[in-house]
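Participant: sequence below, structure please.
(chains A, B, C and D)
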Number of protein chains: 2
Amino acid sequence: MKLTDAKAQFISSWGAFGTHWGINRTMAQIHALLLISPDPITQDDIMEQLSISRGNVNMNTRDLIDWGLVERILIPGERKEFFTAEKDIWKVATQIIKERKKRELDPMLKLLSQLEQIEGDKKDKDVKQFVDTIAGIRKFGGQADKVLDVMIKADESWFLGSLLKFFK
Amino acid sequence: MKLTDAKAQFISSWGAFGTHWGINRTMAQIHALLLISPDPITQDDIMEQLSISRGNVNMNTRDLIDWGLVERILIPGERKEFFTAEKDIWKVATQIIKERKKRELDPMLKLLSQLEQIEGDKKDKDVKQFVDTIAGIRKFGGQADKVLDVMIKADESWFLGSLLKFFK
DNA sequence: ATATATTTTCAATAAATTTTGAAAATTCAA
DNA sequence: TTGAATTTTCAAAATTTATTGAAAATATAT
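Facilitator: So this is what the prediction gives:
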């Protein structure tokens, strides 16, 4: 397979993959393009390589920056802005986990603790099932939260090394 | 807060939550409703409680069954079918992990190993960055794959107990 | 200051996804 | 069998989400 085809296939698959992970297709495609670009590239490069509009590139690169996955680079003497992505996949993964935890898991846990305190007779089976379900999810979520916190702070070699040894 | 309001809020939030996880809103809402229903319920119950059409309920319950999260129950003497959801959150989580691994991670890893074998000069920096990126993702994915396999097979108390002790 | 290059915004448009509902298929009791 | 109850299917409609592109804002060079 030629590099050009392989690139196209990677970008397309990474885009499709992204949609399963709460990230939109184009954002994931831009991310893919930046991951395989050795040097920083401009909005125009992205527009051309992915055949998408300027506005689209602008919005999605900004989202990627908000996610902490992409950086804006200013090259002295160049008028245009350049973009580059973090290449260390461990850092990419922990950054995504960190953001999703903040955006999704933490608010959900907060809501669940509110819902657990409902009025009503615990002997009523509807009340009981509701409270039990909420408590179960909250407990599980709380534990996941702790594990993810360790992971976010951890160094890759230590984390995966220890974990894989532990589970061998 | 009253049970009725708490239920509505849980269903609505679980639905919104689902959309971030590659599951459609209605599917997640039906799942939420089943999680808090102590006894099996019918298509008509779901239609009524969530104010959605029969076709919608039918398609989404089927998807939930395909995901292994919901079961069809036949009650002797009853003409209608009943549905019930697995209530153990650990089992729900491992089932989702199992399915997503099969549907997303495994195909991605397969593609990456193909893409790693591109033709081209490794000294060319475009080729090098591409190969390095793909290799990095593949390595990380492969390790995640192993950890998830252990998790899927593990018993909850053992897994989380060990993990939390390990990371304390 | 002015002209020019570049980025950002956002209303309009397009595309993708979800939902409906009625017809077809299936199931089951009599 | 027949017919009523129930489930399934799927084309059309509704909704949601993503994309465009041109105008406005901003930044930079002269």
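Participant: now do the buried residues in stretch A:29-39.
Facilitator: Residues A:Gln29, A:Ile30, A:His31, A:Ala32, A:Leu33, A:Leu34, A:Leu35, A:Ile36, A:Ser37, A:Pro38 are the ones in stretch A:29-39 that count as buried (16 or more other C-beta atoms under 10 Å in any protein chain shown). Where C-beta positions appear, they are placed from N, C-alpha and C, glycine not excepted.
Participant: and those residues, which of them are in helices?
Facilitator: In helices, judged by DSSP state H, the following of the buried residues of stretch A:29-39 are found: A:Gln29, A:Ile30, A:His31, A:Ala32, A:Leu33, A:Leu34, A:Leu35.
Participant: wait, the fourth one touches A:Ile11, no?
Facilitator: Read that as A:Ala32. Yes. At 4.5 Å, A:Ala32 and A:Ile11 qualify as touching, with contact defined as C-beta atoms under 8 Å.
Participant: DNA strand D contacts on chain A?
Facilitator: Listed as neighbours of DNA strand D in chain A under the rule C-beta under 7 Å from any atom of the strand: A:Asn24, A:Arg25, A:Thr26, A:Ser51, A:Ile52, A:Ser53, A:Arg54, A:Gly55, A:Asn56, A:Met59, A:Asn60, A:Arg79.
Participant: picking that back up, which one among the buried residues of stretch A:29-39 gets closest to B:Pro107?
Facilitator: Nearest to B:Pro107 among these: A:Ala32, at 15.9 Å, using C-beta to C-beta.
Participant: excluding chain neighbours, what is closest to the closest one?
Facilitator: A:Trp14 (3.7 Å; C-beta to C-beta, 6 or more residues apart in numbering or on different chains).
Participant: what residues are up against the one you found?
Facilitator: A:Ala28, A:Gln29, A:His31, A:Ala32, A:Leu35 (C-beta atoms under 8 Å, 6 or more residues apart in numbering or on different chains).
Participant: from DNA strand C, how far out is the first one?
Facilitator: Translated: A:Ala28. 13 Å (C-beta to the nearest atom of the strand, to the nearest Å).
Participant: the nearest residue to that residue once chain neighbours are set aside sits in which helix or strand?
Facilitator: Spatial nearest neighbour of A:Ala28, excluding adjacent residues (C-beta to C-beta, 6+ apart): A:Gly18 at 2.6 Å. Here A:Gly18 sits within helix A:3-19, counting by DSSP states H and E.
Participant: what is the longest helix belonging to chain A packed up against?
Facilitator: Counting residues, the longest helix found in chain A (DSSP H) is helix A:125-153. Packing contacts for helix A:125-153, counted by 3 or more C-beta pairs under 8 Å, 6 or more residues apart in numbering or on different chains; DSSP states H and E, involve helix A:89-100, helix A:106-116, helix B:3-19, helix B:89-100, helix B:156-167.
Participant: for the longest one, what is the average pLDDT?
Facilitator: Translated: helix B:3-19. Averaging pLDDT along helix B:3-19 yields 94.
Participant: likewise the fourth one?
Facilitator: Averaging pLDDT along helix B:89-100 yields 94.
Participant: thinking again about what came up before, tell me how far the residue nearest to A:Ala32 lies from B:Gln114.
Facilitator: 14 Å (C-beta to C-beta, to the nearest Å).
Participant: what do you get for A:Ile96?
Facilitator: Distance, A:Ile96 to B:Gln114, by C-beta to C-beta: 24 Å.
Participant: list the buried residues in stretch A:38-48.
Facilitator: A:Pro38, A:Pro40, A:Ile41, A:Thr42, A:Asp45, A:Ile46, A:Met47.
Participant: now these in CSV, with pLDDT and secondary structure?
Facilitator: Formatted as CSV, these follow (pLDDT from 0 to 100; DSSP: H, G, I helix; E, B strand; the rest coil):
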residue, pLDDT, secondary structure
A:Pro38, 97, coil
A:Pro40, 97, coil
A:Ile41, 98, strand
A:Thr42, 98, strand
A:Asp45, 98, helix
A:Ile46, 98, helix
A:Met47, 98, helix
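Participant: out of the residues you listed, which comes closest to A:Phe130?
Facilitator: So of the buried residues of stretch A:38-48, ranked by how close each gets to A:Phe130 (C-beta to C-beta), first place is A:Ile46, at 48.2 Å.
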